[in-house]
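Engineer: just need the structure, nothing else, for what follows:
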Amino acid sequence: RYGGGPAIQRKAIKSSWRGVVVEVRPLMLKVVKSSDMSNPVSAQFSKATTVGEFLDIMCKKMNLDEEKVRVWDFHQGSKLKHLDDPSKRLDEAQIIDGQSVLLEEQNEDGSWPDSSDRGGFSGRSYGPTQTREPTAPGITGIVNLGNTCFMNSSLQCLSN
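Structural biologist: Numbers count the residues shown, from 1 in each chain. A predicted model of the protein is given here:
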């Protein structure tokens, strides 16, 4: 007789496009504190966790005052989007597995850091970084921007 292993707890979450589903794989996020950007903290959250719940949990874990912290979608050293709606779920805020999230701390004078302040991280520009002579067709690929690798490979197959 097989008794099975320990129970694995999984959440049933309401998906906006598939109804109720069992969340097999929660989000693993890299949480960066603005005062210590070189030491991100890994944390696991359900896609159904709200921004407010995320903020509450991480502020307790990182010893921060929730009233003096803002949450940002943080990509390659840049603040992309201020997550200011505490009732919005992480999946609705387009937070994905493996992503970095910034906890921006208020300055001592009560002001917020400037949006251009990266706190030591270098931002990445998606514009052209250098100018080169064009190459012959079929020799170079297409630059990927975000999740475009599948589309780019399809276009390359069609063009050759």
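Engineer: for the residue nearest the centre of the chain, give me the pLDDT.
Structural biologist: Per Cα atoms, centre = their mean, the C-alpha nearest to the average position across the chain is that of residue 99, at 3.0 Å. Each residue has a pLDDT score; the one for residue 99 is 92.
Engineer: contacts only, for it.
Structural biologist: Applying Cβ atoms under 8 Å, 6 or more residues apart in numbering to residue 99 gives the contacts 27, 29-30, 73-75. (C-beta placed from N, C-alpha, C; glycine too.)
Engineer: do residue 57 as well
Structural biologist: Residues in contact with residue 57, defined by Cβ under 8 Å, 6+ apart, are 43, 45, 49.
Engineer: now the longest strand along the chain: buried residues?
Structural biologist: Under DSSP state E, the strand in the chain containing the largest number of residues is strand 36-45. Taking 16 or more other Cβ atoms under 10 Å as the neighbour-count basis, strand 36-45 is seen to contain the buried residues 37, 40, 43, 45.
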